Structures are given as structure tokens and as C-alpha cells.
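> Okay, predicted coordinates and the sequence, questions at the end:
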Amino acid sequence: MNAQRRVLDRERDVRTYGRAEVWDLVDEILYPEGHPYSRATEVASDVHAARLRDVRWFFQRYYAPDRLTLSISGGFGPAEVRPWIERYFGPLRRGGLAAPPAWTVQPEVDLEGERRVLAEASRSTDALYVIWPTPPWGSSADAALDFVSSHLERRLTERLVRDGDALSVDVSQGAAALANRFSVWITVPRRSGTLEPLQALDEELRALRRDGVDDDALRGLRRRWRHGELRSMDASLTRAQRHAYVLPAFPGGRYDLRSNLERYGAVTAPEVREAAVRYLHLRRRLVVSLSGRSDAPPESILQTYRRVEHVTPADVAEVGRRWVRPEHAPMVVVGDWRWLISHPVRVPGGVAFITH
């Protein structure tokens, strides 16, 4: 038990200094309270409070044949495999558990305006992460958004990476079962800032929302996605996993290769443009700008966000009234970012820079 706690602590440390930490922050901001994907990250205090009896109870409660899905993939005949299934799984007794609640596609998340987060992180590079909530894997718009992601990644790579303005570009439409997110991740050299890549993304998005893609580009997108889908299914484990998933947006609630290929083949050029117009709005999204620093605070970005998310305007006004002088508050404007920055002021417990 103690060894597993150490493993979880180490995994949490790795998340703090990697891209996964931003995902934790995104899920908390993007999805409302009560959403299945909201606040999915475990808390260190909960991990250390758990006892062996708690783990045993959880295993006995949920890891039972009543909730098991068996998916078998490989080169075999069904008649050959069925005796093996009976031999190894037949003796398992049911636990009498009630059926788990049905998985259903969640209502679309609609961000009210743009949310921007600036953070320092222990990274060797700066990074820009832009996210939009989108429909789940298997939905009608999902395939069109996959084509949008391929188009944007190619355009941004040509524009930023080949000219040396960015180190990498990764654009993807997720593959989540109940709700999804479209994400753009751009890394740039440390101290380069993220304003230029954000401007490049916005320009490419405006062009796509205005002009769409032509038929030749669409044929190339279809060809690449079909090749990628077939190649991914070469692995027996991937086939088994996909067929075991519960995917409410797919016909019949399960993955099917043939229907999935047909779904991509049916996407039209107007649908690609419409997907960008409907889901990738420039003023309804989450923008996270990471500044890489070797001496960044040890706490995670998510921990910092949770500390300040409940600060009210009244709290800010009180701090300003008591500690900040107007003559110490120059306005700094960089693009759409506006910072009101004070000189160091002495407050209870130390010295602080106050920004707004």
C-alpha cells in the first residue's frame, strides 16, 4: 500500500511539470460542477488518507464480473476461443451488483466568453494551449473537426515551425466518449512569449471559417485519415480496446470500423467549414499561456488556480484600498493582454507584486 502511494505521488509530480498538468486545469475550468469530466484529478490528501480496507472494499464493490466487458482480438476462430472463455471466466461468480448507470452524451458546454490563464511553470520552453469544448467521439461533427485539426496543424507548422518561430505544433480533436475538446498546443523557445503564435492561430482560423477547404484538400484529408485509422487497427490490442469501449455517440453504442470509415468518407467541404464556424469561436474558448522558468513555484498550476478561483471583486478592492497606491500602478498592454502592475508593496506576511 505504501509503495503504491509513493507511485501515485511520483506520478503527480510528473504531471505537475508536464502537459498533463494543463489538462487537469483545463478540465476544471471547461466542465461545470457535476460534469463527469470535472475535477477528475485525485488529491494527495485523499491518497494518503486511504487505508487498505478502503482499497479492498472498492475492488470488491466495482471489480466484479457483473461489470466486466470481455473483448478478444486476434487470428482465431470463434469456436476455438469459446472453450477458453468458459475455462478461465466461467468459474467467476457474479456479485449481485446493480447495473452501472448508462453512459450518455453530455450536453454541449458553451463557454461564455473567452477565458485566459497566464502561469509560470518549470519548463524549458514557453507554451500556448488553446481549447474549445466540442462534441464527443463518434458524433456527426467529430469527423469534420478531425479534418479541421489536420488542416490547422499543417498550416501552423508551415507558418511557425519551418520559419523557426515555434518548436512544435500539435492540433487535435479529442477522442472522449461523453464530451470532447479541440486543442491547439504550440511550444516556443523560452522567453519568446505566446502572443505571436496566438495571432497566427487566429489568422488561420479566420481564413478557415471564411473560405473553408477546397475539394483537393478534402480528398487529401480523407486519404490521410483513412490510412491512419486502418494503420492504428493493425495492433490487436487497439482493436480489442476499441471494441470494449462504451461509446454512446456511435451507432449501437460501440466502435465499428466500417461505419467509422464511412463517417469520415461522408464529410463534405461545407461541413468542415461549418464545424470551424460553429465550434471554434475566437471569443468562446480557453487560452492558457505558460511561461517557462527554472525557478517556477513548486505548487502546480491547478493548485494555484484553486487558491485564487474564489477571490471576489470585493477582496481585490480591499487589497487595492489598503496596499496599492495609484501612482504605483502603470498599465501594460500587450495585444489583448492588459496588466495592471504595481511595484512591490509590503503586506502581512511578506512583500507582494499585485497584478490584475
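Here it is on my side, so go on.
> for the stretch 201-350 of the chain, what spans make up the helices?
215-232, 236-244, 257-265, 269-279, 301-308, 313-323 (DSSP state H, counting those that start in this stretch).
> Let me know the secondary structure of the residue nearest to R224 when sequence neighbours are not counted.
Once flanking residues are discounted, R224 sits nearest to S150: 6.5 Å by Cβ to Cβ, 6 or more residues apart in numbering. The C-beta positions use only the backbone N, C-alpha and C, and glycine is treated the same way. Per DSSP: H, G, I helix; E, B strand; the rest coil, the secondary structure class of S150 is helix.
> just R10 next, same as before
helix.
> I'd like to know how many residues surround it.
Residues near R10, counting by other Cβ atoms under 10 Å, number 10.
> ok, it to G193 distance?
Distance of R10 to G193, computed by Cβ to Cβ, to the nearest Å: 32 Å.
> Same question for R278.
Distance from R278 to G193, by Cβ to Cβ: 30 Å.
> Also A98?
Per Cβ to Cβ, A98 is found 54 Å from G193.
> The two: who's more crowded?
G193 (17 against 7).
> Contact partners for L218?
F147, V267, T268, A269, V272 (Cβ atoms under 8 Å, 6 or more residues apart in numbering).
> how about the residues you listed, which pair is most distant?
The most widely separated members of those, counting by Cβ to Cβ, are F147 and T268 (10.1 Å).
> between these two, who's got more neighbours?
F147 (25 against 12).
> quick one: which helix or strand includes that one?
helix 140-156 (DSSP states H and E).
> by contact count, what packs against whatever helix or strand comes next after that helix?
For helix 140-156, the succeeding helix or strand toward the C-terminus, using DSSP H and E, is strand 168-173. In terms of contacts (3 or more Cβ pairs under 8 Å, 6 or more residues apart in numbering; DSSP states H and E), strand 168-173 is packed against helix 140-156, strand 180-189.
> and strand 168-173, how far from the chain's centre?
11 Å (Cα atoms, centre = their mean, to the nearest Å).
> can you give me the angle that strand makes with strand 180-189?
180 degrees (axes from the mean of the first three to the mean of the last three Cα atoms, to 10 degrees).
> strands paired with strand 168-173, and their directions?
strand 180-189 (antiparallel) (DSSP bridges).
> Now the partner strand: buried residues?
N180, R181, F182, S183, V184, W185, I186, T187, V188 (16 or more other Cβ atoms under 10 Å).
> Then stretch 86-95?
For stretch 86-95, the buried set under the neighbour-count rule, 16+ other Cβ under 10 Å, is empty.
> Can you give me the neighbour number for R116?
R116 has 14 nearby residues by other Cβ under 10 Å.
> show me where pLDDT drops low in the stretch 51-200 of the chain?
Residues of the stretch 51-200 of the chain meeting the criterion pLDDT under 70: none.
> Please list the outside residues in contact with the helix holding F147.
134-136, 166, 169-173, 180, 182, 184, 186, 197, 200-201, 204-205, 208, 213, 217-218, 221-222, 224-225, 249, 263-264, 266-267, 271-272, 274-276, 278-280.
> So what's the gap between it and the chain middle?
That offset, for helix 140-156, works out to 16 Å (Cα atoms, centre = their mean).
> And for stretch 139-159?
Distance, centroid of stretch 139-159 to centroid of chain: 16 Å (Cα atoms, centre = their mean).
> Over to stretch 197-212?
Going by Cα atoms, centre = their mean, where stretch 197-212 is centred and where its chain is centred differ by 21 Å.
> how about the CA coordinates for that stretch, as CSV?
The C-alpha atoms that make up stretch 197-212 are tabulated as CSV, following Å, rounded to 0.1, in the frame of the first residue of the first chain:
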residue,chain,number,x,y,z
PRO,A,197,1.6,32.0,-32.2
LEU,A,198,-1.8,33.1,-30.9
GLN,A,199,-2.1,35.7,-33.6
ALA,A,200,-1.1,33.2,-36.2
LEU,A,201,-3.7,30.7,-34.9
ASP,A,202,-6.4,33.4,-35.1
GLU,A,203,-5.5,34.4,-38.6
GLU,A,204,-5.6,30.8,-39.8
LEU,A,205,-8.9,30.2,-38.1
ARG,A,206,-10.4,33.3,-39.6
ALA,A,207,-9.3,32.1,-43.1
LEU,A,208,-10.8,28.6,-42.5
ARG,A,209,-14.0,30.0,-41.1
ARG,A,210,-14.3,32.3,-44.1
ASP,A,211,-13.0,30.2,-47.0
GLY,A,212,-13.2,26.6,-45.8
